[in-house]
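Peer 1: coordinates for the following, if possible.
(chains A and B)
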Amino acid sequence: MSIGVNVERSLKTFRLSAEFNIPEPGITALFGPSGSGKTTLVNMIAGLVRPDRGHIQINDHVLFEHSRGINLPVRKRRVGCVFQDNRLFPHKSVRDNLFYGARRNPHKLPQDEQQAILEMLDIWDLMDRRPNLLSGGEKQRVALGRALLSNPDVLLLDEPLSALDHARKQEILPYLEWLRDHRKIPILYVTHAIDEVARLADHMVIIDQGKTLATGSVFEMLGRTDLAPLAGRFDAGTVLAARIVSRDPKAEVSFLECGGQRLVVPYLGRPKSDRVRLHIRARDVMIARTPPHDISANNIIPVTVTKISDEPGDTIDVTMCFGQDADATLLAETSGRPKIHARITKWSGSRLKLQPHQKVFAVIKSVTVNGQLRDR
Amino acid sequence: MISLTPAEIEALLLSLRISGVAVACALPFAIIVATALALGRFPGRFILDAIVHLPLILPPVVMGYLLLIALGTRAPLGAWLYETFDLRFVFSWTGAALASAIVSFPFQVRAIRLSLENVNPGLYQAAETLGAGPIDRFFSLTLPLALPGIIAGAITAFAASLGEFGAIITFVSNIPGETRTLPLAIYTAIQTPGGELAAARLAALSIGLAFAGLLLSELALRRIRKRAAS
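Peer 2: Residues are numbered from 1 along each chain as shown, chains lettered A, B, ... in the order given. From the prediction side, this is the model:
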């Protein structure tokens, strides 16, 4: 599974010139401020907008290649789209909406996979209704189902949550997580909400003014503080993969293991050894030279400073890797040992006399577990 | 209750038949033209728009005159149609239907076009990504979404063509049982000494028909809205 995009097109106010390759399945976030060209980019992949030049390829299926004059019509591209404004057909029932694409596709999904999708989206009760009687969240679920049932090679989600309120978003996110974890289809996810990226994405493509600024794994990209000024929306932090090791419903806590460290978060209501994803914002991390006692924060992790970088304004960004052993810094680079970022004031930095290789303690004020804020 | 004379019943049935045929025959063309005007981007769109709306502003008598010139049995087109298809329009009810169709055509096109322009163009894109080609999209989206406009347009056009006078009398004359529709019958009655009562009866009948048409159109639209909301 791979997606290769390299396109150019003149737009009204700037020139779109984007290039990225995604070699693996999973969710890739197309992240950038409003008006940066994200939607135009997915519309090019879908075939709704034609690039001036370049090429677009999904696996070994060439969708567009300017030099060879290839420009597949939209309906032959096998892309599944979910738009911001659901675009359900108002005169058709939910059932007819869901199977609109499936009925037209000669390569149908096997019956049991169709069933699994309908089962997962939990839309049996809505089947005979018309779209205008559905809630915003239900509409997006149907739109998602409609795209999936058409058995596409890639799923393009263009800000599917942006028209929903917070509660509806929380309702949809688990379905997207299920998709990521249970289906092999690559997903391009357009968004300008960093919490959605942190919770869902595996890869990240950052776009501004029509240019791809950076591409990489979400773990790596979210820590890149040089990308922080992006329209002020980029809230640098750390995304970590963790596993539930034990839980104590009485004390209302769950214990997680992450990079050899134990983290404690309020009770998650999920089984042992379930994998979860943590998002820790850089401004929610404090640094202490000695392990602080008598403090409300539950998570104090021994770490080693790897990098200190200047930020615009009065803050610095401190990158630290887990552990205080002698070769911790080296292991962080070679073995993928987790890193964590803290944003502190320049004044604090000089007061603590922070420097690389220094052994300190990261005090985590709050952890977001799979999109739900914990341990404030 | 005022009873109608056989001649009056004849005029009523003739009117209904002519209008019915006119609307039914014009409908497919109206749908095509409305779709082209609402969704198409092509050179000459403006001119097509003007031609379609011409009958609204042109005096009906002029319309009838133009038809007479074009389709009279001695005109080239009229002669050809008569010889090859045995199709004669002048002095025949089919000519009255043709005149009615042309005059009421803009009503159909406008109503259908309006309902098409209210459709979110994103729906067509969505259908395209789901594998629907242009003809498929026309039948699965355009047509059903335009249904309220099609029905409203057909009823309005039917009512408008029931009242057509100038184009019919100029093109196909006023022949009892062949081209004498309700308005022509009213006109004849007024011209006849002692025909005032007959004229009044026919006028009342016309008013009744007009109201029935409006009522029907309203009911049809309500039903469609209700169906769309259920």
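
Peer 1: tell me how far B:A50 lies from chain A.
Peer 2: With distances taken as C-beta to the nearest C-beta, to the nearest Å, B:A50 is found 32 Å from chain A. For every residue, glycine as well, the C-beta is placed using N, CA and C.

Peer 1: so which bits of the helix or strand hosting that residue are buried?
Peer 2: Following DSSP states H and E, one finds B:A50 within helix B:45-57. Within helix B:45-57, the residues that count as buried by 16 or more other C-beta atoms under 10 Å in any protein chain shown are B:V52, B:P55.

Peer 1: which helices and strands does it pack with?
Peer 2: helix B:6-39, helix B:93-117 (3 or more C-beta pairs under 8 Å, 6 or more residues apart in numbering or on different chains; DSSP states H and E).

Peer 1: and those helices, which is most packed in?
Peer 2: helix B:93-117 (a mean of 24; mean count of other C-beta atoms under 10 Å in any protein chain shown).

Peer 1: does it reach chain A?
Peer 2: No - applying C-beta under 8 Å from any C-beta of the partner chain, one finds helix B:93-117 out of contact with chain A, separated by at least 11.5 Å.

Peer 1: which parts of chain A sit against chain B?
Peer 2: A:46-48, A:73-75, A:77, A:79-81, A:83, A:85, A:87, A:89-91, A:100-101, A:104-105, A:130, A:132-133, A:146-147, A:150.

Peer 1: and the next element down the chain from the helix holding B:A50?
Peer 2: Toward the C-terminus from helix B:45-57 - assigned by DSSP H and E - lies helix B:60-71.

Peer 1: can you list the residues that contact the helix or strand that that following helix is followed by?
Peer 2: If you walk from helix B:60-71 toward the C-terminus, the next helix or strand you reach (DSSP H and E) is helix B:76-85. Helix B:76-85 has contacts (C-beta atoms under 8 Å, 6 or more residues apart in numbering or on different chains) with B:A70, B:L71, B:G72, B:T73, B:L87, B:R88, B:F89, B:V90.

Peer 1: got the angle between helix B:76-85 and helix B:60-71?
Peer 2: Relative orientation of helix B:76-85 versus helix B:60-71 (axes from the mean of the first three to the mean of the last three C-alpha atoms, to 10 degrees): 60 degrees.

Peer 1: what residues of helix B:76-85 count as buried?
Peer 2: Buried-residue list, helix B:76-85, by 16+ other C-beta under 10 Å: B:G78, B:L81, B:Y82.

Peer 1: between those residues, which sits nearest chain A?
Peer 2: Of all the buried residues of helix B:76-85, B:L81 has the smallest distance to chain A: 39.9 Å, by C-beta to the nearest C-beta.

Peer 1: check the gap between the closest one and B:A26 for me.
Peer 2: 18 Å (C-beta to C-beta, to the nearest Å).

Peer 1: one more: A:A198?
Peer 2: 60 Å.

Peer 1: circling back: switch the contacts of helix B:76-85 over to CSV; also include distance to B:F46 and neighbour count.
Peer 2: Below are the contacts of helix B:76-85 laid out as CSV (distance: C-beta to C-beta, whole Å; neighbours: other C-beta atoms under 10 Å in any protein chain shown):
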residue, distance to B:F46, neighbour count
B:A70, 24, 13
B:L71, 27, 24
B:G72, 31, 19
B:T73, 35, 13
B:L87, 32, 15
B:R88, 35, 15
B:F89, 30, 24
B:V90, 33, 19
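
Peer 1: find the nearest non-adjacent residue to A:R141, please.
Peer 2: Leaving aside its sequence neighbours, A:R141 sits nearest to A:L121 (C-beta to C-beta, 6 or more residues apart in numbering or on different chains; 5.0 Å).

Peer 1: apologies, that question was intended for B:A132.
Peer 2: Per C-beta to C-beta, 6+ apart, closest to B:A132 is A:R104, 5.8 Å.

Peer 1: ramachandran angles for that neighbour?
Peer 2: phi -100, psi 0 (degrees, to the nearest 10).

Peer 1: from what I can see it touches B:R137, true?
Peer 2: No - under the criterion of C-beta atoms under 8 Å, A:R104 makes no contact with B:R137, lying 10.5 Å away.

Peer 1: CA atoms only: put the helix holding B:A50 into CSV for me.
Peer 2: Output of helix B:45-57 as CSV, limited to C-alpha atoms (Å, rounded to 0.1, in the frame of the first residue of the first chain):
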residue,chain,number,x,y,z
ARG,B,45,-26.1,29.0,-23.3
PHE,B,46,-27.2,32.6,-23.2
ILE,B,47,-28.8,32.4,-26.6
LEU,B,48,-30.6,29.1,-25.7
ASP,B,49,-31.9,30.8,-22.6
ALA,B,50,-33.3,33.8,-24.7
ILE,B,51,-34.9,31.5,-27.3
VAL,B,52,-36.7,29.4,-24.6
HIS,B,53,-38.0,32.6,-22.9
LEU,B,54,-39.1,34.2,-26.1
PRO,B,55,-42.7,33.0,-26.1
LEU,B,56,-43.2,34.7,-22.7
ILE,B,57,-42.6,38.2,-24.2
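
Peer 1: so what's A:P73 up against?
Peer 2: A:G47, B:E128.

Peer 1: rerun at 10 Å
Peer 2: Counting by C-beta atoms under 10 Å, 6 or more residues apart in numbering or on different chains, A:P73 touches A:G47, A:L63, B:E128, B:G133, B:P134.

Peer 1: state the distance from the residue nearest to the fourth one when sequence neighbours are not counted to A:N6.
Peer 2: Once its chain neighbours are removed from consideration, B:G133 has its nearest residue in A:R75; the separation is 6.1 Å (C-beta to C-beta, 6+ apart). Between A:R75 and A:N6 the distance is 23 Å, computed by C-beta to C-beta.

Peer 1: okay, these two: which has more neighbours?
Peer 2: Neighbour comparison, A:R75 and A:N6: the larger count goes to A:R75, with 21 against 18 (by other C-beta atoms under 10 Å in any protein chain shown).

Peer 1: pLDDT below threshold where in the stretch 151-300 of chain A?
Peer 2: Filtered on pLDDT under 70, the stretch 151-300 of chain A yields the residue ranges A:223, A:225-235.

Peer 1: is A:A241 in a bridge, and if so with what?
Peer 2: A:A241 has these beta-bridge partners by DSSP bridges: A:R277.
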